[in-house]
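Peer 1: mind folding the following:
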Amino acid sequence: MTIASVTRSQAAADCTTIHIHGAFSFPVYQQFRHVCDAVTPQQRYVVDLAESNYLDSSALGMLLFLREQAGGEAARVEITNCNAVIRRILSIANFDKLFDIH
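Peer 2: Numbering: from 1, shown residues only. Just a heads-up that it's a prediction; the model follows:
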């Protein structure tokens, strides 16, 4: 069983990437929240799901929390590298209307 984790990297001064490793679900809430505590509205955020194979409703809530922390409607948050299942979940939840999904 793979242990899920959240890491953060900053490739540029105005862009922070949040990497989700393993299942994006409630067990990573504290790690995700810790990363979000440093969020500022001036930056662009990328949530990279390349190493994630699962997403549940608590992950949807975490993404909404990130969006709110990053400035709400004016937030610049992208979700990248989604597999087909995750992309479908995001689409059903209408997250494609709230986030740039690539």
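Peer 1: which one's the longest helix in the chain?
Peer 2: Longest helix of the chain, by residue count under DSSP state H: helix 57-69.
Peer 1: contacts for it?
Peer 2: Residues from elsewhere that reach helix 57-69, judged by C-beta atoms under 8 Å, 6 or more residues apart in numbering: 18, 24-26, 28-29, 32-33, 36, 39, 45, 47, 75, 77, 79, 89, 93, 95, 98-99. For the C-beta atoms, the positions are set from N, CA and C on the backbone; glycine is no exception.
Peer 1: now the buried members of the residues you listed.
Peer 2: Buried subset of these (neighbour count, 16 or more other C-beta atoms under 10 Å): 18, 24-25, 28, 32, 36, 39, 45, 47, 75, 77, 79, 89, 95, 98-99.
Peer 1: can you give me the helices in the chain?
Peer 2: Counting by DSSP H, the helices of the chain are 29-36, 57-69, 84-92.
Peer 1: where does this structure dip in pLDDT?
Peer 2: In the predicted model, the chain carries pLDDT under 70 at residues 1-4, 10-12.
Peer 1: surely residue 6 and residue 31 touch.
Peer 2: Yes. If you go by C-beta atoms under 8 Å, residue 6 and residue 31 touch, sitting 4.0 Å apart.
Peer 1: and the two? which has more neighbours close in?
Peer 2: residue 6 (22 against 18; other C-beta atoms under 10 Å).
Peer 1: what angle separates the longest helix of the chain from helix 29-36?
Peer 2: 20 degrees (axes from the mean of the first three to the mean of the last three C-alpha atoms, to 10 degrees).
Peer 1: okay, buried residues for helix 57-69 please.
Peer 2: Buried, per 16+ other C-beta under 10 Å, within helix 57-69: 59, 62-63, 66-67, 69.
Peer 1: thanks a lot, see you next time.
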